[in-house]
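J.: Just to be clear, the model below is a prediction. Sequence and coordinates:
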Amino acid sequence: MYILKCANGKFYTGSTIDLEQRVNQHKSGTGSNYTRKHLPVELVYFEEFQYIDQAFYREKQVQNWSHKKKEALIIGSVEKLPELSKCKNTSNYKESKKKL
């Protein structure tokens, strides 16, 4: 699983069995439609897994994270991850829950 920082400041999360090749594809504009439109890209984080399905699972997990939570992971502030997972606007959460 890897995270790229795009020229627009946003993060792109992916998974691969060959990180170097995949990053080179992104940098050359052949990696994905999103990164092609937001070049240049820079590899800012990666995790290695024994099996690609584990990497894919982690990719999907991280893709749903906020920008701030991804930043905390990238800089190694793992102690901040639980706090960044909490709903910051609890009144809106309660209201939306009532409507269900």
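T.: Looks like it arrived, so ask away. These figures come from a predicted structure and were not determined experimentally.
J.: Break down the protein into its strands, ranges please.
T.: 2-6, 11-14, 41-46 (DSSP state E).
J.: what's the most buried one of those?
T.: Using mean count of other CB atoms under 10 Å, the stretch among those with the largest mean neighbour count is strand 2-6, at a mean of 21. Every C-beta, even on glycine, is put in place using the N, C-alpha and C of the backbone.
J.: Report the mean confidence score over it.
T.: For strand 2-6, the mean pLDDT works out to 98.
J.: just how off-centre is it within its chain?
T.: 7 Å (CA atoms, centre = their mean, to the nearest Å).
J.: Need the CA coordinates for it. CSV is fine.
T.: These are the backbone C-alpha positions of strand 2-6, laid out as CSV (Å, rounded to 0.1, in the frame of the first residue of the first chain):
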residue,chain,number,x,y,z
TYR,A,2,1.3,3.4,-0.9
ILE,A,3,0.4,7.1,-0.7
LEU,A,4,1.4,9.7,-3.3
LYS,A,5,1.2,13.4,-2.8
CYS,A,6,-0.1,15.1,-6.0
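J.: Okay, now the sheet partners of it, with direction.
T.: If you go by DSSP bridges, strand 2-6 pairs up with strand 11-14 (antiparallel), strand 41-46 (antiparallel).
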